[in-house]
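Undergrad: predicted model and sequence follow; I will ask about them next.
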Amino acid sequence: MPSSTAESTGISLSLTYYMRNFYKSNPTTYKASIRKDYTDSELSYEDARALKRAARQLMSYDISDEDTGEDFYESIQAFVETYNNTMESSGSSSDRDIARSHKNLEKLTQKYSEELKEIGLNIQDDGSLKITESILKGATGKELKKVFSKEAGLMSQTQSLARKLNQNSYDVLYTQLTGNGGRLNIVL
């Protein structure tokens, strides 16, 4: 069962709860209506931080063989939305380091495509994930562990790649703020 007290008491937490938690540093950036107000670099920075949190949370769950995908549906749905946001914002970046991180995240997801498909997460042509609700809700604890446990490796590698993408995005934003070449460019 999930590790948080609210979840283990049978209270169902909403998708919004998880998204706010993953995007807690800047909680409005997960909303589609507000995302258009941000640059790709800003979104990439926020999305990568959120993806890192999402992967960490899913890895922290103590999934038993008796659990099903329905027990974790909202948190997995929030992970998928965060992953898709990350792929969208980093995929449109012109920075080569961000593009490399994006490509590495895409390769990692492809590596686990069979395990993801088994629990109802399908990789789309654009690299995003799409949930087949009936398959995910019916997934067994054993199938979920193949994807979300620490031992499986997908979440720990996703967390590592998200950390790297977050740093690359930070570097781009810092350079934009300080001027070309990383030197302060203050004009009075």
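TA: Okay, I see it.

Undergrad: just give me the neighbour total for residue 24.
TA: Around residue 24 there are 11 other residues, counting by other CB atoms under 10 Å. Bear in mind the C-beta positions are built from the backbone N, C-alpha and C, glycine included.

Undergrad: tell me the confidence at it?
TA: Note for residue 24: predicted pLDDT of 94.

Undergrad: the residue found closest to it once you drop the neighbours it is linked to in the chain and residue 73, how far apart?
TA: Nearest residue to residue 24, sequence neighbours excluded (CB to CB, 6 or more residues apart in numbering): residue 53, at 7.5 Å. Distance from residue 53 to residue 73, counting by CB to CB, to the nearest Å: 18 Å.

Undergrad: which helices and strands sit right next to whatever helix or strand residue 78 lives in?
TA: For residue 78, the host element (DSSP states H and E) is helix 73-91. Contact partners of helix 73-91 among helices and strands, from 3 or more CB pairs under 8 Å, 6 or more residues apart in numbering; DSSP states H and E: helix 15-22, helix 40-60, helix 96-111, strand 129-131, helix 133-138, helix 154-178.

Undergrad: one more time with 6 Å
TA: Under the contact definition 3 or more CB pairs under 6 Å, 6 or more residues apart in numbering; DSSP states H and E, helix 73-91 sits against helix 15-22, helix 40-60, helix 96-111, strand 129-131.

Undergrad: alpha carbons only: can I get it in CSV?
TA: Presented in CSV, the C-alpha positions along helix 73-91 are these (Å, rounded to 0.1, in the frame of the first residue of the first chain):
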residue,chain,number,x,y,z
TYR,A,73,-4.1,5.2,-10.1
GLU,A,74,-4.1,8.9,-9.3
SER,A,75,-0.4,9.0,-8.4
ILE,A,76,0.5,7.1,-11.5
GLN,A,77,-1.7,9.4,-13.6
ALA,A,78,0.0,12.4,-12.0
PHE,A,79,3.4,10.9,-12.8
VAL,A,80,2.3,10.4,-16.5
GLU,A,81,1.1,14.0,-16.8
THR,A,82,4.4,15.2,-15.3
TYR,A,83,6.4,13.0,-17.6
ASN,A,84,4.5,14.2,-20.6
ASN,A,85,4.9,17.9,-19.5
THR,A,86,8.6,17.2,-19.2
MET,A,87,8.9,15.6,-22.6
GLU,A,88,7.0,18.5,-24.2
SER,A,89,9.0,21.3,-22.7
SER,A,90,12.4,19.7,-23.1
GLY,A,91,11.7,18.4,-26.6
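
Undergrad: mean confidence for it?
TA: On average, the pLDDT along helix 73-91 is 96.

Undergrad: who's in contact with that helix?
TA: For helix 73-91, the external contacting residues (CB atoms under 6 Å, 6 or more residues apart in numbering) are 13, 15, 18-19, 22, 40, 43-44, 47-48, 50-51, 54, 58, 98, 102, 127-129, 131, 137, 165.

Undergrad: tell me what angle it forms with helix 40-60.
TA: Here helix 73-91 runs at an angle of 150 degrees relative to helix 40-60 (axes from the mean of the first three to the mean of the last three CA atoms, to 10 degrees).
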